[in-house]
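1. turn this into a structure:
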Amino acid sequence: MTRQVTEVSWVTLWRILAMALFIGALYLMREAVIIVLLALVISTALHPPVAFLHRWKIPRILGTIILFLAVFVILAFIVYALLPVVILELNSLVRDLSELTNRFFGFQAPADVVNLITPNLNNLTDLLLAGNVPFLEILGRLLGGVTFVIAVLVLSFYLTVSREGVERFLRAVFPAAMEARVLQLYGRTKAKIGRWFQAQVILSLVIGAVVAIGLSLLGVEQALVLGVIAGLFELVPIAGPIFAGALAIIVAATQSLTLALWVLIFFVVIQQLENNLLVPLVMKKAIGVHPVIILVALLGGAEIAGLVGMLLAVPAAVFLQEMTDDWKTASRRAA
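-> The predicted model follows:
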């Protein structure tokens with residue numbers, strides 16, 4: 001009996017050692033791992049529209065090229081046309097917040113903070129308006145280098161063009177004994193991520209547009225940038241909408257307390273409509289991951305890998321939940 005326990009213990013120790021070595025190897029190759037994971041997420045997100053175009057007799061390679069070009073055009077419009085306007089308004093917003101803290105609380109925002117933010121915003125605006133910086137270089141500065149961006153684009157393009165490209169990649173990486181289980185996990189994760197992405201894009205666009213238009217009609221300054229912030233912070237559960245609403249109220253308070261009260265009422269109405277109408281309608285088939293888990297994943301992703309980590313946070317949370325559910329199901333069957 002003692003010998004059997006000892007053998008089991010050694011097996012457990014070897015498994016722990018193998019897992020530690022595996023995690024260490026992943027850490028040493030973390031940039032390559034992030035490139036692969038980001039390419040997998042992009043390919044998974046592009047699969048439904050590519051499949052839709054393919055049903056209309058458009059070859060996969062042509063459909064993929066069309067989608068990549070469309071995404072580039074949209075991103076270029078955001079970076080070169082919309083972003084400079086948002087940054088200019090954000091610059092004004094920083095100054096207004098400094099004046100507000102002085103008026104109501106008797107102190108100004110630290111000069112070092114204002115002097116750090118304002119010149120950086122001005123430099124970024126000048127850089128974008130100059131028009132002499134390649135688009136890939138701008139993406140590289142945001143995501144971690146031009147080489148990183150090119151590697152992600154090439155790999156995601158290959159995985160998207162190839163029919164079942166991700167599935168083939170997973171078959172090549174994992175041993176045959178794990179193949180069926182991994183593909184099932186990926187299939188469930190892909191479906192949930194696709195539903196979450198579609199629902200989140202709809203929510204962000206609707207809330208961002210409604211906030212920008214509503215604040216403009218109320219006469220709030222920097223309505224556009226506040227609308228953009230509200231749309232982006234829809235990605236952050238619980239805390240995001242609260243932050244966006246509080247920021248809009250603070251900006252309105254720099255104009256008048258009456259206007260701030262109207263903005264408060266406006267955001268309360270938006271939250272009621274969102275929670276009771278939009279979310280049940282749009283999110284009814286979403287991922288089923290608790291909002292707190294998504295929030296923790298976003299914060300952890302930002303801490304580990306910045307913007308790229310935030311992009312990978314939700315897919316990672318979904319995959320981990322699917323792994324947990326799969327393990328629970330296997331445990332119940334074994335019992």
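2. thought Lys192 was touching Ala317?
-> No: between Lys192 and Ala317 there is no contact under C-beta atoms under 8 Å: 10.1 Å. In short, each C-beta sits where N, CA and C put it, glycine included.
3. now for Gln309: which residues touch it?
-> I think there's a mix-up here, since residue 309 is Gly and not Gln. Gly300, Gly301, Ala302, Glu303 (C-beta atoms under 8 Å, 6 or more residues apart in numbering).
4. of those residues, grab the buried ones for ChimeraX.
-> Here is the ChimeraX command that picks out the buried ones among the contacts of Gly309, judged by 16 or more other C-beta atoms under 10 Å:
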select :301
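5. for this protein, what spans make up the helices?
-> 2-28, 30-55, 60-77, 83-105, 111-130, 135-143, 146-161, 165-173, 176-218, 223-232, 239-253, 257-273, 279-282, 291-334 (DSSP state H).
6. turn these into JSON lines, including mean pLDDT.
-> Formatted as JSON lines, those follow (pLDDT from 0 to 100):
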{"stretch": "helix 2-28", "mean pLDDT": "62"}
{"stretch": "helix 30-55", "mean pLDDT": "81"}
{"stretch": "helix 60-77", "mean pLDDT": "86"}
{"stretch": "helix 83-105", "mean pLDDT": "66"}
{"stretch": "helix 111-130", "mean pLDDT": "54"}
{"stretch": "helix 135-143", "mean pLDDT": "65"}
{"stretch": "helix 146-161", "mean pLDDT": "82"}
{"stretch": "helix 165-173", "mean pLDDT": "76"}
{"stretch": "helix 176-218", "mean pLDDT": "82"}
{"stretch": "helix 223-232", "mean pLDDT": "85"}
{"stretch": "helix 239-253", "mean pLDDT": "83"}
{"stretch": "helix 257-273", "mean pLDDT": "90"}
{"stretch": "helix 279-282", "mean pLDDT": "70"}
{"stretch": "helix 291-334", "mean pLDDT": "75"}
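7. winner for burial among those helices?
-> Highest mean neighbour count among these (mean count of other C-beta atoms under 10 Å): helix 223-232, with a mean of 22.
8. can you list the domains in this protein?
-> Domains of the chain are assigned by automatic domain parsing as 32-173, 181-324.
9. how far does the shortest one stretch from one end to the other?
-> Taking C-alpha to C-alpha, to the nearest Å, the first and last residues of domain 32-173 lie 14 Å apart.
10. likewise for the last one?
-> With C-alpha to C-alpha as the measure, the first residue of domain 181-324 is 13 Å from its last.
11. now do stretch 49-66
-> By C-alpha to C-alpha, the extent of stretch 49-66 from end to end equals 10 Å.
12. to Ile16, which of the domains of the chain lies closest?
-> Ile16 sits nearest to domain 181-324 of all the domains of the chain, at 18.3 Å, using C-beta to C-beta.
13. how far off centre is the closest one?
-> How far domain 181-324 lies from its chain's middle: 10 Å, per C-alpha atoms, centre = their mean, to the nearest Å.
14. what would stretch 33-46 look like as PDB? C-alpha coordinates only.
-> Below are the C-alpha coordinates for stretch 33-46, written out as PDB (Å, rounded to 0.1, in the frame of the first residue of the first chain):
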ATOM      1  CA  VAL A  33       2.600  32.800 -28.000                       C
ATOM      2  CA  ILE A  34       0.800  36.200 -28.000                       C
ATOM      3  CA  ILE A  35       1.200  36.400 -31.800                       C
ATOM      4  CA  VAL A  36      -0.400  33.000 -32.300                       C
ATOM      5  CA  LEU A  37      -3.200  33.600 -29.800                       C
ATOM      6  CA  LEU A  38      -4.000  37.000 -31.300                       C
ATOM      7  CA  ALA A  39      -4.000  35.500 -34.800                       C
ATOM      8  CA  LEU A  40      -6.300  32.700 -33.600                       C
ATOM      9  CA  VAL A  41      -8.700  35.300 -32.200                       C
ATOM     10  CA  ILE A  42      -8.700  37.400 -35.400                       C
ATOM     11  CA  SER A  43      -9.200  34.400 -37.600                       C
ATOM     12  CA  THR A  44     -12.000  33.100 -35.400                       C
ATOM     13  CA  ALA A  45     -13.700  36.600 -35.500                       C
ATOM     14  CA  LEU A  46     -13.400  36.700 -39.300                       C
END
